[in-house]
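Chemist: okay, predicted coordinates and the sequence, questions at the end:
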Amino acid sequence: MITQWTIFVIILVLNAVIAVIIAILLSRKHLAPGRNAMTWMLAGLAVWAFGYALNTTSSALEVKIFWLRIQNLGILTVPAFWFLFTVQYAQVDRWLNRNTGALFFIIPLISLVFIFSDRWFHLYYSSVRLFSENGGPLVIERGPFYLIAAIQAYLLNLTGTGILIWRFVYYRNIYRKQLLILVGAVLIPLVVNIFYQFAPRIIPSFSLSIDLTPISFTITAFLLSAGVFGLRLFDLIPIARHTVLEHIPEMVFVVDAHDRLLDANSVAQKMLGKSLDEIIGKDPLEVFSAWPQLINRFLTANETHAEIQISGDPPRTLDLNVSALYNQFNQLEGRVIVAHDVTERKWLENDLKYANEVLSNQLDEINKLRDELQEQAIRDSLTNAYNRRYLSEFLDKEVARAERENTPVTVVIMDMDNFKQFNDTYGHKCGDMILQAITRFLNDHSRRGDVVCRYGGEEFVILMPNATLETGFERAEMWRQDFSESSIEYEGMKLSATFSAGVATFPQHGATGDAILQAADKALYQSKDAGKNKVIQYGD
């Protein structure tokens, strides 16, 4: 291939590489309107330029036709992706979905079917021939369907460009730079392609058989690079002022550095009861005369966040945010005041706070009652000792634990001696006092881990975890002696009482809680038969 084509091919490959790099970098940016369409468009440009380069460098006609087909993958799809990008970026795409978007690829798809088919190739390209014996791209003659595809491509390009020009006029200056870059990026190759397509027919002397459109994409690539990375094309999404300001549910005011009101949204106008003409350019002291609390806040600080109450019937509560606006020289240019009416929320918060306090008090009462009921369920009402139900549950648990840990559990059963005589002589009230006295005595003289239970009538059971038979017997004997030497006062009288007891131990005297209780009970009856006021170990 001669040198003149070498430069041409290098430029084409450079176009393809730049387009691929931009597409890859763009795909890594955050998702924004039109990003994906722009990425695919750049991929199409890369295929177009690369295919055209290999079309130019190849020598055999068959190979050139193959790369002509490949480059058309980009040629035919780029206009559709460009159009989709413009409608998405300009946010006029409410009608756009997968089905409607696919319609723009019908003609390109039919064209590609013709191009890749040997039988129908002539419907798109009536003929192809070598540019010269010394190399260069194929020279094509346009078939009937070529015109249809070209018309669609121009319509899509021009419509997309028109949308951007319309938005160019509509948007503020901050977005016009991005749109100017985009319009320039598409117009340059479009003009070059129009010249390539129609110049031979209009001005035969300017006839050109080489499509310079891919070459013009060098400028397009640099313009898109500047738009995407220099002017943050996809970081700044074009949104008109009213779209933002009028859809904010809060009151928004803008004041300049001299505290003159510059703007107010419809919510602010409604709350103030003033039109925009009555607000713009006015003194805040005049506009907010009915809201002195608001004036005090934003006139005394450039930035603040607070809740204020404004007068009214009823008074209203506003959540106020004042934000300062500075220019590039860090000079104050103005402030934005955002005020949200939170009156109903404050009412609701107060109602919820009161309801929470009521519920909290009720919950405390319920928990207290639950604890009391739980205690009543496991306590004897007369003596406040644990009852027989609790004894059964606790003993089974302690026996299971002792079996796992290979430790003893000792049970002492005691019965008041001659208890019936106290009831018969002094009445049942006296008997109740004696039962209460023995309960207090046992609670005061037992270990912290021991459990005192009223087994029934005048019988009591003391569970002693981790206590051996000898320890249980010694403590029961000590209780018997100390209690027999004490006195119980009743209506000015000092009464003495004694008890008999039986002692048994797990696992020495049984493998279950019931077995231990029965063994201790048998020992108790032995002590009764032996004359009462005695403590006997099971098996003695």
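Modeler: Nice, I can see it. Remember, it's a predicted structure, so these values are computed and weren't measured experimentally. Numbers count the residues shown, from 1 in each chain.

Chemist: ok so Glu307 is a helix residue?
Modeler: No - counting by DSSP: H, G, I helix; E, B strand; the rest coil, Glu307 falls outside a helix, being strand.

Chemist: number of residues surrounding it?
Modeler: 12 (other Cβ atoms under 10 Å). Glycine gets a C-beta too; all of them are placed from N, C-alpha and C.

Chemist: roughly how far apart are it and Lys270?
Modeler: 21 Å (Cβ to Cβ, to the nearest Å).

Chemist: which SS class is the residue nearest to Thr498 when sequence neighbours are not counted?
Modeler: Nearest residue to Thr498 in three dimensions, chain neighbours excluded: Asn533, at 4.1 Å (Cβ to Cβ, 6 or more residues apart in numbering). When classified by three-state DSSP, Asn533 comes out as coil.

Chemist: wait, Asn533 sits on Ala497?
Modeler: No - in this structure, Asn533 is not within contact of Ala497 by Cβ atoms under 8 Å, at 9.7 Å.

Chemist: who's more crowded, these two?
Modeler: It is Ala497, of Asn533 and Ala497, that has more neighbours when counted by other Cβ under 10 Å, with 21 against 18.

Chemist: what pLDDT does that one get?
Modeler: For Ala497, the pLDDT comes out at 92.

Chemist: just the element for the residue nearest to it when sequence neighbours are not counted, please.
Modeler: Of all residues not flanking Ala497 in the chain, Ile434 sits nearest, at 5.5 Å (Cβ to Cβ, 6+ apart). Here Ile434 sits within helix 428-445, counting by DSSP states H and E.

Chemist: and for Val128?
Modeler: Here Val128, judged by DSSP H and E, is contained in strand 125-130.

Chemist: burial measure for Ile115, as a count.
Modeler: Neighbours of Ile115 using other Cβ under 10 Å come to 25.

Chemist: joint contacts of Asn533 and Ala497?
Modeler: Asp417, Ser484 (Cβ atoms under 8 Å, 6 or more residues apart in numbering).

Chemist: can I assume Val254 sits in a helix?
Modeler: No - applying three-state DSSP, one finds Val254 to be strand, outside a helix.

Chemist: quickly list what it is bridged to.
Modeler: Asp263, Val336 (DSSP bridges).

Chemist: okay, now it: neighbour count?
Modeler: 18.

Chemist: same deal with the one 3 residues further on?
Modeler: Burial of Ala257 is recorded as 15 neighbouring residues (other Cβ under 10 Å).

Chemist: roughly how far does it sit from Pro284?
Modeler: On the measure of Cβ to Cβ, Ala257 and Pro284 end up 13 Å apart.

Chemist: could you pull out the strands for the stretch 51-200 of the chain?
Modeler: 125-130, 138-142 (DSSP state E, counting those that start in this stretch).

Chemist: for the residue lying closest to Val87 once chain neighbours are set aside, what are phi and psi?
Modeler: By the measure of Cβ to Cβ, 6+ apart, the closest residue to Val87 outside its immediate chain neighbours is Asp93, 4.5 Å from it. The phi and psi values for Asp93, taken as degrees, to the nearest 10, are phi -120, psi 30.

Chemist: and the residue nearest to Thr498, how far is that from Asn418?
Modeler: Asn533 is 10 Å from Asn418, by Cβ to Cβ.

Chemist: ok, now Ser486?
Modeler: Relative to Asn418, and taking Cβ to Cβ, Ser486 is found at 16 Å.

Chemist: next: Phe50.
Modeler: Phe50 is 116 Å from Asn418, by Cβ to Cβ.

Chemist: of those two, who's got more company?
Modeler: Legend: neighbour count by other Cβ under 10 Å for Phe50 and Asn418, higher for Phe50 (22 against 13).

Chemist: show me the contacts for the residue nearest to Val128 when sequence neighbours are not counted.
Modeler: Nearest residue to Val128, sequence neighbours excluded (Cβ to Cβ, 6+ apart): Leu138, at 4.8 Å. Residues counted as contacts of Leu138 (Cβ under 8 Å, 6+ apart) are Asn55, Leu61, Lys64, Ile65, Leu68, Val128, Arg129, Leu130, Phe131.

Chemist: contact partners for the fourth one?
Modeler: Ile65 makes contacts with Val128, Leu138, as judged by Cβ under 8 Å, 6+ apart.
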